[in-house]
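In: Turn this into a model:
(2 chains)
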Amino acid sequence: KAGVTQTPRYLIKTRGQQVTLSCSPISGHRSVSWYQQTPGQGLQFLFEYFSETQRNKGNFPGRFSGRQFSNSRSEMNVSTLELGDSALYLCASSLGYSLYEQYFGPGTRLTVT
Amino acid sequence: AQTVTQSQPEMSVQEAETVTLSCTYDTSENNYYLFWYKQPPSRQMILVIRQEAYKQQNATENRFSVNFQKAAKSFSLKISDSQLGDTAMYFCAFTQFGNEKLTFGTGTRLTIIP
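Out: Numbering: from 1, shown residues only, chains lettered A, B, ... in the order given. Alright, predicted model coming up:
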């Protein structure tokens, strides 16, 4: 079974631009969660989608948004990029029925200049 | 709000020795899960072990075991017969029952010395 895939793996953007990151979960998984990892703030939860609905949300500004498609693939979007948005963005997938076996993707390294 | 604390930013141990990583957490919930994740230099986060709060028996996975002290809100990870491939960042994480959101600690960087 293929693991969680994230595209692109690396991205360089300029302040003020917007960016879209993609996550394809493990086949059969319906929940996708997104996390931001930075040296200063560590790992922080962004949001979780289950069956195309946002089920949980972290404490991030509205510039951070996401969505999930009918095939469970998920995208997250960051608008009006700031230098502080430079981070590793991880997504994790699970069946979504509180079985607590989340599988992480390799991450997308975003650099904002 | 739940918090997870890892008080050891870095640790190192000789290959084949045993090492214990510490984690404490704070929650008012009674039903929750605790995890240890490993993040090697490749950055892929890998689940090492999971503990259900309602289970008194400590979880074990091959060379990895936990010491779960619910009253003390402590959840330490013991790695036996450490191997070079165990070199990684280790994160302790918490989630309350019915929720997929993970709250992570700040991590412990573990180095296995040959």
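In: Within the sheet, what are the partner strands of the one helix or strand residue A:49 maps to, with directions?
Out: Using DSSP states H and E, residue A:49 maps to strand A:42-50. Partners of strand A:42-50 in the sheet, by DSSP bridges, are strand A:31-38 (antiparallel), strand A:53-57 (antiparallel).
In: List the beta-bridge partners for the residue nearest to the spatial centre of chain B.
Out: Closest residue to the average C-alpha location of chain B: residue B:36 at 3.1 Å, with CA atoms, centre = their mean. Taking DSSP bridges as the rule, residue B:36 bridges to residue B:49, residue B:92.
In: returning to that earlier point: how about the strands paired with strand A:42-50 in a markdown table, adding distance to residue B:49?
Out: C-betas here are computed from N, CA, C, even on glycine. Listed next are those as a markdown table, based on distance: least, CB to CB, whole Å:
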| stretch | distance to residue B:49 |
| --- | --- |
| strand A:31-38 | 19 |
| strand A:53-57 | 24 |
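In: Near residue 42, how many other residues are there?
Out: In the absence of a named chain, this looks at chain A. A count of nearby residues for residue A:42, using other CB atoms under 10 Å in any protein chain shown, gives 16.
In: oops, I was thinking of chain B
Out: Residue B:42, neighbours per other CB under 10 Å, totals 10.
In: which residue packs closest to it, ignoring adjacent ones?
Out: residue A:106 (7.4 Å; CB to CB, 6 or more residues apart in numbering or on different chains).
In: What about the one you found, how many residues nearby?
Out: By other CB under 10 Å, neighbour count at residue A:106 equals 18.
In: go on, residue B:7?
Out: Counted with other CB under 10 Å, the neighbours of residue B:7 add up to 11.
In: pretty sure it contacts residue B:22?
Out: Yes: the criterion here is CB atoms under 8 Å, and residue B:7 meets it with residue B:22 at 5.8 Å.
In: got any residues that touch both of these two?
Out: Common neighbours of residue B:7 and residue B:22 (criterion: CB atoms under 8 Å, 6 or more residues apart in numbering or on different chains): none identified.
In: List, one by one, the residues from chain B near chain A.
Out: Within chain B, the positions near chain A by CB under 8 Å from any CB of the partner chain are B:33, B:35, B:37, B:42-47, B:50, B:91, B:95, B:97-107.
In: Which members of the residues you listed are classed as buried?
Out: B:33, B:35, B:37, B:43-45, B:47, B:50, B:91, B:95, B:99-107 (16 or more other CB atoms under 10 Å in any protein chain shown).
In: where do the strands sit along the chain?
Out: Assuming you mean chain A. In chain A, the strands defined using DSSP state E lie at A:5-7, A:10-13, A:19-24, A:31-38, A:42-50, A:53-57, A:64-68, A:74-78, A:87-94, A:103-104, A:108-112.
In: wait, I meant chain B there
Out: Under DSSP E, chain B gives strands at B:3-5, B:10-14, B:19-21, B:24-26, B:32-39, B:46-52, B:60-61, B:64-69, B:74-79, B:88-96, B:103-104, B:108-113.
In: can you redo those strands as a markdown table with mean pLDDT?
Out: Shown next, in a markdown table, are those (pLDDT from 0 to 100):
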| stretch | mean pLDDT |
| --- | --- |
| strand B:3-5 | 96 |
| strand B:10-14 | 97 |
| strand B:19-21 | 98 |
| strand B:24-26 | 97 |
| strand B:32-39 | 95 |
| strand B:46-52 | 93 |
| strand B:60-61 | 93 |
| strand B:64-69 | 97 |
| strand B:74-79 | 98 |
| strand B:88-96 | 95 |
| strand B:103-104 | 95 |
| strand B:108-113 | 97 |
